[in-house]
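> Everything below, folded, please.
(one chain, ligands or ions: 1)
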Amino acid sequence: MAIAESMLPEFDHETATTRTLLERVPEAKSGWKPHDKSMSLGELAMHIANIVAWTPITLKQAEFDTNPPGGQSDTPPKYESTTGLLAAYDEGVKAARVMLANASDPEMMAPWALKSAGKTIFSMPRAGVFRSFIMNHAIHHRGQLSVYLRLCDVPLLCMLAKALLATMCITKFPKVWEKLALPSPLNRMPMRRRWRRLHD
Ligand code: NI
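The predicted structure is shown next:
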């Protein structure tokens, strides 16, 4: 199996989970921040949505300079609405998936460098950059976003429970699934509402 092919199921799973949180960003609270030194809710959400857009830079270039000598530094996109946030995210995920699916092993193992003003900050094979700089980076900030949303009283699904339900109960623990599915006032609710009730 090719390196990129082995990453696709993880990419699909993580990007879908991230979207469930981005969908919940309330526009009215986009300027909220937990501390003066923190990013605002809108800035954090836009940062997360924009991470996947770094895929072409990672898979199609050999390096990226955040502050190129004689050039302009990178300016991140600004949050304007949650609809715009999701549109940017969906477009980025779609384009990234095509690029990842088509990346050969030699391309994934080619070295890639992040630079600032010509100085190398780090260098590693593209496969490592894609996993850490794109996937793990988004997962890290997604956890941060979940705390922001909780502090803003936004109802949250329990991501871990949802993932366990989808990937373990049904396939590996059918008896647990049967127990969860026993008739009860709670279990007669649609699945989405049931998890919301259990984990809010
Ligand atoms: Ni970041």
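
> Can you pull the domain assignment for this protein?
Per automatic domain parsing, the structural domains of the chain span 3-155, 157-200.

> Adding mean pLDDT as columns, could you present those in TSV?
Shown next, in TSV, are the domains of the chain (pLDDT from 0 to 100):
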stretch	mean pLDDT
domain 3-155	94
domain 157-200	53
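
> Name the stretch among those that sits most buried.
Ranked by mean neighbour count, the domains of the chain are led by domain 3-155 with a mean of 16 (mean count of other C-beta atoms under 10 Å). Heads up, the C-betas are built off the backbone N, CA and C, glycines and all.

> can you list contacts of stretch 60-78?
42-43, 46-47, 50, 54, 57-58, 88, 99, 110-118 (C-beta atoms under 8 Å, 6 or more residues apart in numbering).

> centre of the chain versus that stretch, how much separation?
21 Å (C-alpha atoms, centre = their mean, to the nearest Å).

> Start and end of that stretch, how far apart?
25 Å (C-alpha to C-alpha, to the nearest Å).

> now stretch 66-84
25 Å.

> Cross the contacts of stretch 60-78 against helices and list the overlap.
42, 43, 46, 47, 50, 57, 58, 88, 99 (DSSP state H).

> could you list every residue that touches the fourth one?
In this structure, residue 47 makes contact with 39, 76, 141, judged by C-beta under 8 Å, 6+ apart.

> Including secondary structure, could the residues you listed go into a markdown table?
Listed next are those as a markdown table, based on DSSP: H, G, I helix; E, B strand; the rest coil:
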| residue | secondary structure |
| --- | --- |
| 39 | coil |
| 76 | coil |
| 141 | helix |
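
> Residue 128: which of those residues is nearest?
residue 141 (18.8 Å; C-beta to C-beta).

> so that closest one sits right up against residue 46, yeah?
No. In terms of C-beta atoms under 8 Å, residue 141 does not count as a neighbour of residue 46; the distance is 10.6 Å.

> can you give me the strands in the protein?
Listed in chain order, the strands of the chain (DSSP state E) span 63-65, 111-116, 119-125.

> of those, which approaches residue 2 most closely?
The nearest among these, by C-beta to C-beta, is strand 119-125 at 14.0 Å.

> Reformat the strands of the chain as a markdown table; add distance to residue 81.
As requested, the strands of the chain are exported to a markdown table (distance: least, C-beta to C-beta, whole Å):
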| stretch | distance to residue 81 |
| --- | --- |
| strand 63-65 | 28 |
| strand 111-116 | 30 |
| strand 119-125 | 33 |
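
> out of these, nearest to residue 4?
When the strands of the chain are compared (using C-beta to C-beta), the closest one is strand 119-125, at 12.1 Å.

> Need the residues that contact the closest one.
Against strand 119-125 from outside (C-beta under 8 Å, 6+ apart): 108, 109, 110, 111, 112, 113, 114, 115, 132.

> nearest to residue 30, of the strands of the chain?
Nearest of those (C-beta to C-beta): strand 63-65, 27.8 Å.

> List the pairing partners of the closest one within its sheet, with orientation.
strand 111-116 (parallel) (DSSP bridges).
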